[in-house]
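In: Show me the folded form of this:
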Amino acid sequence: MSRKKNSLTVADVAREANVSKATAARVLGGYGVASEGTRTAVLEAAARLGYQPNELARSMSTGRSGLIGVVVGDIENAFFSLAVRGISDAARAEGVNVVIANSSEKLAQERDMVSVLLRQRVSGLIVSPTDDSDVAHLADAIAAGTPVVTLDRWVPGLGADGICGDDYAAASTVVRRLLKAGHRRIAYLTAVDPSNAKIGELADIPISAERERVRGFAEAMRQDGVRDPLSLVRCGATDQASTGHIVEQLLSDNSAFTAMLASDSLVGAHVFHALSERGRSVPEDVSVVSWFDADWTRLTSPPVSVVDQPTYLFGQHAARRLIARINGMASAPERTVIPTPFIARGSISAPPQPR
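Out: Coordinates of the predicted model:
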């Protein structure tokens, strides 16, 4: 056949495979039922002809593009980068392609990115919601027939599956470990809500994963006799400068903090650097624990104790669940909690003796 590859149609493949156009369309589109022999004949015919599917035409006829859209908070964050790799690998294994967008943890940008992806007729969405209390755009997508899976966050009542870590248990474990080492002045640093220096109540935290971590931290501290554990939480650790300012305040407090727990690996790196800049040694002066086993945590001296988040696995689970929903899985949406174990390294010791 002398026709150009980009002008080949499903009808051409059907003729080459000696099947009907409808059968060829089902096989090439990945929907409906066809015998293994028929499927092989159609795919081999397509390969011989060099047929490439017209994704735009397919999306117009089926209402779906065969793509899944992914919106994450910050693709530069190693947590999200590894999760996206897990999503991409799992999706590719199922013959599904992925379109990735970044929300920068800003709700307006998240809404815009979801809208863009829906206009591209993605078959489903994986989203890390920026604000659990404002997810109307996701609810609208679900109501319109586009399945949604939330990554690292869980929104009860949304009608979406969620893949997340056991953040509450992990935070409790870390606090108990620090208390056992003798620490009583333990601070929790997070990048969320930079408009406020402190959190008044758990409802002030817009992200479920962060809320669960703070809840685990606060309850473990309260069990040790701390009356107002939320006063130990510091928000707005969004970059090195802001984190350095927070660390400076914590060190100059009348009863200086002797342990710091970072809500993610970027905050953890900023904390470690800020302590070094101020001449404080880890763990002799301040013990440090970070969420996520990023590469840098194993390269510092000492290596940093972490809550290990298997984020590649998060991504794989999210992609597989979304593809199952796209393919008609009809069970009720559920939250899948993946264990996040504590890894003890060299960054925890007994607090220094008062000078």
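In: can we go C-alpha only for contacts and neighbour counts from here?
Out: Will do.
In: May I have stretch 271-285 as CSV, with CA atoms only?
Out: Extracted in CSV, the C-alpha atoms of stretch 271-285 (Å, rounded to 0.1, in the frame of the first residue of the first chain):
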residue,chain,number,x,y,z
VAL,A,271,16.3,23.0,58.5
PHE,A,272,19.5,21.1,58.4
HIS,A,273,21.2,23.9,56.4
ALA,A,274,19.8,26.6,58.7
LEU,A,275,21.2,24.8,61.8
SER,A,276,24.6,24.5,60.1
GLU,A,277,24.6,28.2,59.2
ARG,A,278,24.0,29.1,62.9
GLY,A,279,26.8,26.8,64.2
ARG,A,280,24.5,24.2,65.6
SER,A,281,25.4,20.6,65.4
VAL,A,282,23.1,17.7,64.6
PRO,A,283,22.3,15.8,66.8
GLU,A,284,24.6,17.2,69.6
ASP,A,285,22.7,20.5,69.8
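In: Run through who's touching that stretch.
Out: Stretch 271-285 has contacts (Cα atoms under 8 Å, 6 or more residues apart in numbering) with 240, 243-244, 247, 258, 262, 286, 288, 302, 346-352.
In: before we move on, what about stretch 96-104?
Out: In contact with stretch 96-104 (Cα under 8 Å, 6+ apart) are residues 66-75, 88, 91, 109-110, 113, 117, 130.
In: Starting from the lowest-mean-pLDDT helix or strand in the chain, tell me the next helix or strand along the chain.
Out: Least confident element among the helices and strands of the chain, by mean pLDDT, DSSP states H and E: helix 55-62 (a mean of 50). Next in sequence after helix 55-62, counting helices and strands by DSSP states H and E, comes strand 67-72.
In: ok, back up a step: widest-spaced pair of the contacts of stretch 271-285?
Out: Comparing every pair within those by Cα to Cα identifies Gln240 and Ala350 as the most remote, at 26.5 Å.
In: now for the helix or strand hosting Leu250, which elements pack on it?
Out: Here Leu250, judged by DSSP H and E, is contained in helix 240-252. Applying 3 or more Cα pairs under 8 Å, 6 or more residues apart in numbering; DSSP states H and E, we find helix 240-252 packed against helix 265-277.
In: Quick check: mean pLDDT of the helix it packs on?
Out: Across helix 265-277, pLDDT averages out at 96.
In: what pairs with the following helix or strand past that helix, and is each one parallel or antiparallel?
Out: Using DSSP H and E, the helix or strand that follows helix 265-277 in sequence is strand 287-291. The strands that strand 287-291 pairs with in its sheet are strand 259-262 (parallel), strand 305-307 (parallel) (by DSSP bridges).
In: neighbouring contacts of the last one?
Out: Identification of contacts with strand 305-307 by Cα under 8 Å, 6+ apart yields 170, 288-293, 297, 340-348.
In: now do 7 Å
Out: The contact list for strand 305-307 (Cα atoms under 7 Å, 6 or more residues apart in numbering) reads 170, 289-293, 340-347.
In: Map the structural domains onto the sequence of this protein.
Out: 5-53, 64-165+311-338, 167-308 (automatic domain parsing).
In: mind listing the strands for the stretch 51-200 of the chain?
Out: Taking DSSP state E, counting those that start in this stretch, the strands of the stretch 51-200 of the chain run over residues 67-72, 97-102, 124-127, 148-151, 161-165, 186-189.
In: so which of the ones you listed gets nearest Glu334?
Out: For the strands of the stretch 51-200 of the chain, distance to Glu334 was read as Cα to Cα. The smallest value, 4.9 Å, belongs to strand 161-165.
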